[in-house]
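Colleague: Let me see the structure of the following:
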Amino acid sequence: MTNKNEMPTVIKDFISAMNLHDGEAVINTFADDALVNDVARNFWGKEAIKKWSDEEIIKPKVTFETDEVMEHYGDHMITALTDGEYDKTKAPDPLYLDYFFTIKDNKIIRMFVFPNKKKSINFRA
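Modeller: Down below sits the predicted model:
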């Protein structure tokens, strides 16, 4: 496990942009042909990722508080306390998500998001 400050700059930029609810800054952290998989839904390319992030991150003012940071063979996993103004009726409280990042040329080329069942209280599968 690595120190929270040892994550790549582009991931720090992504987290900062999320927490500032800055859609342009979020999308600028991704490569043109990047893939986001958010809980088993694929979003390929900047256009699809922007639509997803605007609706599911920016509009509901999602925030990201880093809890754990790991690096494994060049990929990065961050467990984060995730909150915001989204519909929480089906979400655990608190909600911890695992974000898996692959970085190339200081851009996110792949980001997968999964619920962290161990840390999220009252997780409903």
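Colleague: what about the helices in the chain?
Modeller: With DSSP state H as the criterion, the chain has helices at 9-20, 23-27, 45-53.
Colleague: For the ones you listed, could you give me TSV that also reports mean pLDDT, mean neighbour count and distance to Glu65?
Modeller: The way it works is simple: take the backbone N, C-alpha and C, and place the C-beta from them, glycine included. Formatted as TSV, these follow (pLDDT from 0 to 100; neighbours: other Cβ atoms under 10 Å; distance: least, Cβ to Cβ, whole Å):
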stretch	mean pLDDT	mean neighbour count	distance to Glu65
helix 9-20	97	17	8
helix 23-27	97	16	16
helix 45-53	97	16	18
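Colleague: what's the closest of the ones you listed to Ile78?
Modeller: helix 9-20 (7.0 Å; Cβ to Cβ).
Colleague: And the closest one, what does it pack against?
Modeller: helix 23-27, strand 63-72, strand 75-83, strand 95-104, strand 107-115 (3 or more Cβ pairs under 8 Å, 6 or more residues apart in numbering; DSSP states H and E).
Colleague: Give me the contacts around it.
Modeller: 23, 25-26, 28-29, 57, 62-64, 66, 76, 78, 80, 101, 103, 106-108 (Cβ atoms under 8 Å, 6 or more residues apart in numbering).
Colleague: show me where pLDDT drops low in this protein?
Modeller: 1-5, 121-125 (pLDDT under 70).
Colleague: ok, 80 please
Modeller: 1-6, 120-125 (pLDDT under 80).
Colleague: Any idea which of the helices of the chain gets closest to Lys118?
Modeller: Among the helices of the chain, the nearest to Lys118 by Cβ to Cβ is helix 9-20 (21.3 Å).
Colleague: roughly how far apart are the most centrally placed residue in the chain and Val36?
Modeller: With distances taken as Cα atoms, centre = their mean, Tyr99 lies nearest the centre of the chain, 5.0 Å away. Distance of Tyr99 to Val36, computed by Cβ to Cβ, to the nearest Å: 10 Å.
Colleague: between the two, what contacts are shared?
Modeller: 111-113.
Colleague: quick revisit: can the helices and strands packed on helix 9-20 go into a markdown table with extra columns for distance to Thr89?
Modeller: Shown next, in a markdown table, are the helices and strands packed on helix 9-20 (distance: least, Cβ to Cβ, whole Å):
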| stretch | distance to Thr89 |
| --- | --- |
| helix 23-27 | 25 |
| strand 63-72 | 19 |
| strand 75-83 | 15 |
| strand 95-104 | 12 |
| strand 107-115 | 15 |
